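Asker: Fold the following.
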Amino acid sequence: EEVRALFMQFEAMAKKLNELQSRVEKITSQSDDMIKQNKQRFERVQGHFQRQNEMIQSSTNDVNQRMAQIVSRVNERKVEDGVIKEMVERHAHVVQSFEVRMQQMQRLMSEQELQLINARAELKEALQELSKLKKY
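Answerer: Numbers count the residues shown, from 1 in each chain. Just a heads-up that it's a prediction; the model follows:
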């Protein structure tokens, strides 16, 4: 009877062991499924982050290019403004030089006009004296 009781206990333990084994297999299977799902989720998230990173890099490159273009345009305008300013200054200098020469020419013309008037007056005087001398 003791052997029978032992045998029954052995069978009960074997059943419990089988149940435990099936539970372990079920838990192992579930954990494997969860690991696969988590791995897939991780890969999706990783892909999403990678795409986001690429988009950020692309946007950064685009912004850098636009900034370089703007800086280039600003520099070109500065150069053009400098050239225009220099041209305006040269023009002002030319105009000023022209005005000075014009004033000099007007003075010269006034002086020559006075000389001409004086010369005419002297010529008239000389003609009058000649006519007086002719009469004698």
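
Asker: contacts and neighbour counts: CA atoms only from here.
Answerer: OK.

Asker: per-residue pLDDT, residue 82?
Answerer: The score at residue 82 is 96. That number is its pLDDT.

Asker: Next one: it from residue 91, what distance?
Answerer: 14 Å (C-alpha to C-alpha, to the nearest Å).

Asker: swap in residue 52?
Answerer: As defined by C-alpha to C-alpha, residue 52 lies at a distance of 57 Å from residue 91.

Asker: and if you look at residue 36?
Answerer: Residue 36 is 81 Å from residue 91, where distance means C-alpha to C-alpha.

Asker: Also residue 81?
Answerer: Going from residue 81 to residue 91 by C-alpha to C-alpha gives 15 Å.

Asker: And residue 67, by the same measure?
Answerer: With the distance defined as C-alpha to C-alpha, residue 67 ends up 35 Å from residue 91.

Asker: and if you look at residue 34?
Answerer: According to C-alpha to C-alpha, residue 34 stands 84 Å off from residue 91.

Asker: What of residue 58?
Answerer: Separation of residue 58 from residue 91 (C-alpha to C-alpha): 49 Å.

Asker: do the same with residue 1
Answerer: Separation of residue 1 from residue 91 (C-alpha to C-alpha): 131 Å.

Asker: Looking at the two, which is more packed in?
Answerer: residue 91 (12 against 6; other C-alpha atoms under 10 Å).

Asker: starting at the chain centroid, how far to the host helix or strand of the more buried one?
Answerer: Following DSSP states H and E, one finds residue 91 within helix 2-135. The chain centre lies 0 Å from the centre of helix 2-135; the measure is C-alpha atoms, centre = their mean, to the nearest Å.

Asker: Any stretches of this protein with poor pLDDT?
Answerer: For the chain, the stretches with pLDDT under 70 are 136.

Asker: how about 90 then?
Answerer: Applying pLDDT under 90 to the chain flags the ranges 1-3, 133-136.

Asker: And residue 5, how far from residue 119?
Answerer: Distance, residue 5 to residue 119, using C-alpha to C-alpha: 166 Å.
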